[in-house]
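>>> for reference, the sequence and a predicted model appear below.
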Amino acid sequence: MGMADQLGFQFRAPERRIWTVRALVAAVRTHVEREYSDCWVEGEISNLRIPDSGHLYFTLKEEAAQIRVVMFRSSAKLLRFRPENGLRVTVRGRITVYEDRGELQISAEFMEPQGAGALQLAFEQLKTRLQAEGLFEASRKKLIPALPQRIGIITSPQGAALRDILNILARRHHSANVVIYPAQVQGDAAAREVMAGLRHFNQDLRRGSAVEVIIVARGGGSAEDLACFNHEGLARAVADSKIPVISAIGHETDFTIVDFAADLRAPTPSAAAELVIRSRQEIEAQAEELNRRLERAVRYRLLMARQQLIERAQHGAFARMMDGIHWRQQKLDEQRFRLEKAERQILERCRRRAENVAAAVRHYDARQRLAAARQQLASEVANLAAAVHKRLLGSRGRLDRLSASLEALSPVAILNRGYALVFDAGGQLVKDAAQLKGGDELSARLARGRVRARVTATEGGETQSRNLRSQDS
């Protein structure tokens, strides 16, 4: 006995738990998402892919490690810059597992470039692209009229910028007519409303009541407050305006894309009023600068509320539903990538095959080869038809001879001549009368039908039976 048996110990083998792949990956995913629900990760963007769905797929890497990142469209459309390969960024999101491949990945909700802010990077990227198109060239600029009689202003009716412009215009040139187009000058809708104002004033050219100059004005603010004036569509609308446009956005140190696209940039809204009206008598040497800044409390509270909503949503049924939607969206994009790759491979193989066939065909005269093949085929068909006809005739004669021989040897033909086949009770053919005795039952097969009989007497040799009593079967 072993020592364990002597001491009374009993050892049991540990129970083995067998996981399915999906169950194991799901368990790991749940654990990872619980432990790393909000992480900040920095690295360099590589393998960036942006499909039609609007989602972002890329790899965040450093020298010795890398991790996949997916940013879904709802978060990607809030980015203030254009992601590019090689750009170092900081990503905020939760760590999860993509179950189809069993890969660790970051589901990103926020991303900003390192070094420069997102707004500044977006500004520089758009400025470089539009400048390369020649949108800021001096040759495109239109002259500002010296003493315009009708002045159009696009700004917020409640803003201090409008009050400053009107005060200066009233002191310098009280007879000038001012047409105000109310528009938001902050937020997502601001660019669209300012573009609508530009279209409105330019449409008046055909009616003869157009203004002579347009001022796009807004008071000072942070970079986020002025971001709406870095809109590409707005910059193109300013450049395409038939009426000269003066930009008066922010303070003297603030620059936007609209400033570069406009025909003239004013350091402040007050300076724009001074520039547009060259009074005979200069009343003021310097306009009062605007010092007011819009409070950012509302924006801050909205950001905090959004963050709280995201954190609460991560732990409820809504989070699971969004996870399912995001997973299916990512899977759909993955299938689309695979389909596009397969289509390219198939097209490449077909192209190569077509080139090989075309090269092979060029070495031959297809018409001559087809004519020779057609002639040979006709000859072979004629020979085959003759051989088949001859063979059919021979087979038909042989069939007739065999049919005649078979008919002569057929037992049925013998029975038709009046003969009968006699069988005993066991079904054996009777060939000798000595096989029978009185009282045996017989059956006889005639040409048409059968009869049953009983033996009353037998005679040897070739003498026929004398007493057969027939019975119908």
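Structure received.
>>> where does the stretch 201-350 of the chain have low pLDDT?
Counting by pLDDT under 70, the ranges of the stretch 201-350 of the chain that qualify are 206-209, 223, 278-296, 310-319.
>>> for this protein, what spans make up the strands?
With DSSP state E, the ranges of strands along the chain come out as 39-49, 56-61, 66-71, 88-98, 103-113, 150-155, 177-182, 213-218, 245-249, 264-265, 421-423, 441-445, 450-455, 468-471.
>>> I'd like those written out as CSV, with distance to residue 82 added.
From N, CA and C alone the C-beta is placed, and that goes for glycine too. Shown next, in CSV, are the strands of the chain (distance: least, Cβ to Cβ, whole Å):
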stretch, distance to residue 82
strand 39-49, 10
strand 56-61, 11
strand 66-71, 13
strand 88-98, 12
strand 103-113, 10
strand 150-155, 28
strand 177-182, 31
strand 213-218, 25
strand 245-249, 23
strand 264-265, 25
strand 421-423, 105
strand 441-445, 104
strand 450-455, 104
strand 468-471, 112
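>>> so residue 190 makes contact with residue 197?
No - Residue 190 lies out of contact with residue 197 (Cβ atoms under 8 Å); the separation is 10.8 Å.
>>> for those two, list the residues in contact with both.
Counting by Cβ atoms under 8 Å, 6 or more residues apart in numbering, the common neighbours of residue 190 and residue 197 are residue 183.
>>> with adjacent residues omitted, what lies nearest to residue 275?
Closest residue to residue 275 apart from its sequence neighbours, by Cβ to Cβ, 6 or more residues apart in numbering: residue 266 at 5.4 Å.
>>> sorry, slip of the keys, the one I care about is residue 54.
Residue 54 sits nearest to residue 73 (Cβ to Cβ, 6+ apart), 3.5 Å away.
>>> ok, the one you found - how many residues close by?
14 (other Cβ atoms under 10 Å).
>>> need the contact list for it.
Residue 73 touches 53-55, counting by Cβ under 8 Å, 6+ apart.
>>> can you pick the most crowded of those?
Within the contacts of residue 73, residue 55 tops the neighbour count with 20 neighbours, counted by other Cβ under 10 Å.
>>> buried ones in stretch 216-230, by neighbour count?
216-221, 223, 225-230 (16 or more other Cβ atoms under 10 Å).
>>> go through those residues and name the one nearest residue 15.
Proximity of the buried residues of stretch 216-230 to residue 15 was ranked by Cβ to Cβ; the top entry is residue 227 with 60.9 Å.
>>> for residue 256, see how far away that closest one is.
If you measure residue 227 against residue 256 using Cβ to Cβ, to the nearest Å, the figure is 8 Å.
>>> distance of residue 432 relative to residue 390?
Residue 432 is 52 Å from residue 390, by Cβ to Cβ.
>>> ok, residue 415 next?
Relative to residue 390, residue 415 is positioned 39 Å away (Cβ to Cβ).
>>> look at the two and report which has more neighbours.
Between residue 415 and residue 390, counted using other Cβ under 10 Å, the more crowded position is residue 415 (15 against 10).
>>> enumerate every residue touching the nearest residue to the more buried one once chain neighbours are set aside.
Once flanking residues are discounted, residue 415 sits nearest to residue 447: 3.9 Å by Cβ to Cβ, 6+ apart. Residues in contact with residue 447, defined by Cβ under 8 Å, 6+ apart, are 412, 415-416, 418.
>>> neighbour-wise, which one of these leads?
Once you tally neighbours by other Cβ under 10 Å, residue 415 ends up highest among the contacts of residue 447, having 15 neighbours.
>>> that residue contacts residue 422, doesn't it?
No - applying Cβ under 8 Å, one finds residue 415 not in contact with residue 422, separated by 11.9 Å.
>>> mind listing the shared neighbours of these two?
residue 445.
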